[in-house]
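**Student:** Quick one, what's the 3D model for this:
(chains A, B, C, D, E and F)
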Number of protein chains: 6
Amino acid sequence: MPFVNIKITREGTTPGQGAATAEQKAALIKGVSQLLLDVLNKPLDSTFVAIDEVELENWGWGGLPVPAYRKQQESK
Amino acid sequence: MPFVNIKITREGTTPGQGAATAEQKAALIKGVSQLLLDVLNKPLDSTFVAIDEVELENWGWGGLPVPAYRKQQESK
Amino acid sequence: MPFVNIKITREGTTPGQGAATAEQKAALIKGVSQLLLDVLNKPLDSTFVAIDEVELENWGWGGLPVPAYRKQQESK
Amino acid sequence: MPFVNIKITREGTTPGQGAATAEQKAALIKGVSQLLLDVLNKPLDSTFVAIDEVELENWGWGGLPVPAYRKQQESK
Amino acid sequence: MPFVNIKITREGTTPGQGAATAEQKAALIKGVSQLLLDVLNKPLDSTFVAIDEVELENWGWGGLPVPAYRKQQESK
Amino acid sequence: MPFVNIKITREGTTPGQGAATAEQKAALIKGVSQLLLDVLNKPLDSTFVAIDEVELENWGWGGLPVPAYRKQQESK
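**Tutor:** Here you go, the predicted structure:
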């Protein structure tokens, strides 16, 4: 019965890609479901996974929206 | 003061409909608020409901994104 | 595949009862699962429900923890 | 390590504005991160914030979707 | 910046064990953080994980609390 | 109608204190409700806040449970 909610920023891992691909999201679903089977013996069929993609300006770290946080870190 | 978060896949219940309708979402809101009144005596005015609609490829079951999971189940 | 998270305060509905009873929680689970079947045609077997019970001092409304909020409302 | 999830309705604060602005969201991120520093001594760098913007018809209060709830309140 | 919330039932994987062990929870944290590094290139240091352990009677499946659901399945 | 969920680790800010105090939690509730009033014009009465206190061993950062993560950071 596990439920896993993965919140990631909506952005790609390569230039020109605006978001995680369907393949990457499938890999997250597969990996975390397998992890629950391996560690806690939960059958794959009893795990739900929901991935939330959050806009960069809606995600904060260090008191700043992510784009501003990254600029700050780079300039350090 | 209850807060209810309902996560559903973004899809319709009839062909050609791409998502739950406003009427269906209103029925969910009404039904679950009424349930909290009936069971726990919570006034309607003190219940919040938020419905999240999750893309099919962002929802996993059985270690697979929902579209692949459904194909697997159908072929069983 | 719906996932429903119901957050309620940890308190009873009758004096001397410190929390929702198992029967009340079963009624919430049954009611909201049935609602998703009635409204969106979701089979009972594909709905997960998780009930979180939150301490009164951890829940805020009107800028106050619930016990203080209730006192304020009563004195109005 | 705090994680703060702020769910708001997707709507603006002035006519013609359809959603919270980037500046408003930055102010929420800054304010709540600072609050965790002030109250619990959590360094800004150890707080994550995610803002979810929920469509008005997906948010319920008083057993009704928000647009219907507001009409009901206004007519009181 | 990913945030992962894993909700599991509070129960052990072997008789006499009432909950997931600290080692099992560490394995979940390690595994899902590594997964986000492998799939989306997210540094370990930028992933937060929170595990919620939910009482069996607070978790519903098939319209029933988990203990009743399991009995129903076994008797099938 | 905002709903704010604040997840913090269950630990005190001074030695011998095992968790955030009721006063600290009241300050979080007051502060974040006021923030939503200041930034988005949300009346105090329309904001709910729920604070979740998560055991240290249930919270992960850097691929490790928090106690192990802190030791690793201190030894750097």
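
**Student:** from here on, contacts and neighbour counts on C-alpha atoms
**Tutor:** Noted.

**Student:** tell me which residues of stretch A:31-42 are tucked away?
**Tutor:** A:31-37, A:39-40, A:42 (16 or more other C-alpha atoms under 10 Å in any protein chain shown).

**Student:** what sits up against stretch A:21-38?
**Tutor:** Residues outside stretch A:21-38 that contact it (C-alpha atoms under 8 Å, 6 or more residues apart in numbering or on different chains) are A:2, A:12, A:42-44, A:47-49, A:51, B:57-65, E:28, E:31-32, E:35-36, E:39-40.

**Student:** do that again at 7 Å, thanks
**Tutor:** With C-alpha atoms under 7 Å, 6 or more residues apart in numbering or on different chains as the test, stretch A:21-38 has contacts from A:42-44, A:47, A:49, B:57-58, B:60, B:63-65, E:28, E:31-32, E:35, E:39.

**Student:** what does stretch A:5-13 give?
**Tutor:** Residues contacting stretch A:5-13 (C-alpha under 7 Å, 6+ apart): A:18-20, A:49-56, E:1-6, E:40.

**Student:** and the residues you listed, which are buried?
**Tutor:** A:19-20, A:49-56, E:1-6, E:40.

**Student:** Might you specify the subset of those located within helices?
**Tutor:** Those of the buried ones among the contacts of stretch A:5-13 mapping onto helices are residue E:40, per DSSP state H.

**Student:** Take the buried ones among the contacts of stretch A:5-13 and keep only those in strands.
**Tutor:** Secondary structure from DSSP state E places A:49-54, E:3-6 of the buried ones among the contacts of stretch A:5-13 in strands.

**Student:** Specify the local secondary structure of residue A:23.
**Tutor:** For residue A:23, the secondary structure call by DSSP: H, G, I helix; E, B strand; the rest coil comes out as helix.

**Student:** what do you get for residue A:67?
**Tutor:** helix.

**Student:** can you tell me which residues contact it?
**Tutor:** A:56-57.

**Student:** re earlier: now the ones in strands among the buried ones among the contacts of stretch A:5-13 in JSON lines, with distance to residue F:24 and pLDDT?
**Tutor:** Output for these, formatted as JSON lines (distance: C-alpha to C-alpha, whole Å; pLDDT from 0 to 100):
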{"residue": "A:49", "distance to residue F:24": "34", "pLDDT": "98"}
{"residue": "A:50", "distance to residue F:24": "32", "pLDDT": "98"}
{"residue": "A:51", "distance to residue F:24": "32", "pLDDT": "98"}
{"residue": "A:52", "distance to residue F:24": "30", "pLDDT": "98"}
{"residue": "A:53", "distance to residue F:24": "32", "pLDDT": "98"}
{"residue": "A:54", "distance to residue F:24": "29", "pLDDT": "98"}
{"residue": "E:3", "distance to residue F:24": "24", "pLDDT": "98"}
{"residue": "E:4", "distance to residue F:24": "26", "pLDDT": "98"}
{"residue": "E:5", "distance to residue F:24": "24", "pLDDT": "98"}
{"residue": "E:6", "distance to residue F:24": "26", "pLDDT": "98"}
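
**Student:** Now for those: which two are most distant?
**Tutor:** A:54 and E:6 (18.0 Å; C-alpha to C-alpha).

**Student:** Kindly check the end-to-end length of stretch A:38-54 for me.
**Tutor:** 29 Å (C-alpha to C-alpha, to the nearest Å).

**Student:** Then stretch A:57-76?
**Tutor:** 21 Å.

**Student:** Now do stretch A:49-66: everything it contacts.
**Tutor:** A:3-10, A:29, A:67, A:69, B:58-61, D:22, D:25-26, D:29-30, D:33-34, D:44-51.

**Student:** Pipe the buried residues of stretch A:31-42 into CSV and attach secondary structure per row.
**Tutor:** Formatted as CSV, those follow (three-state DSSP):
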residue, secondary structure
A:31, helix
A:32, helix
A:33, helix
A:34, helix
A:35, helix
A:36, helix
A:37, helix
A:39, helix
A:40, helix
A:42, coil
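
**Student:** Using a markdown table, lay out the residues you listed together with pLDDT and distance to residue C:73.
**Tutor:** A markdown table is the format used below for these (pLDDT from 0 to 100; distance: C-alpha to C-alpha, whole Å):
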| residue | pLDDT | distance to residue C:73 |
| --- | --- | --- |
| A:31 | 98 | 49 |
| A:32 | 98 | 46 |
| A:33 | 98 | 46 |
| A:34 | 98 | 50 |
| A:35 | 98 | 48 |
| A:36 | 98 | 46 |
| A:37 | 98 | 49 |
| A:39 | 98 | 48 |
| A:40 | 98 | 46 |
| A:42 | 98 | 46 |
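
**Student:** could I have stretch A:13-29 exported to CSV, CA atoms only?
**Tutor:** Extracted as CSV, the C-alpha positions of stretch A:13-29 are listed here (Å, rounded to 0.1, in the frame of the first residue of the first chain):
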residue,chain,number,x,y,z
THR,A,13,18.3,17.5,-18.0
THR,A,14,19.7,18.5,-21.4
PRO,A,15,19.6,21.9,-23.2
GLY,A,16,16.4,22.5,-25.1
GLN,A,17,14.5,20.0,-23.1
GLY,A,18,11.8,21.7,-21.0
ALA,A,19,10.9,18.9,-18.6
ALA,A,20,11.7,15.4,-17.6
THR,A,21,10.9,12.9,-20.4
ALA,A,22,8.3,10.2,-20.3
GLU,A,23,11.2,7.7,-20.1
GLN,A,24,12.8,9.4,-17.2
LYS,A,25,9.5,9.5,-15.3
ALA,A,26,8.9,5.8,-16.1
ALA,A,27,12.4,5.1,-14.7
LEU,A,28,11.5,6.9,-11.5
ILE,A,29,8.3,5.0,-11.1
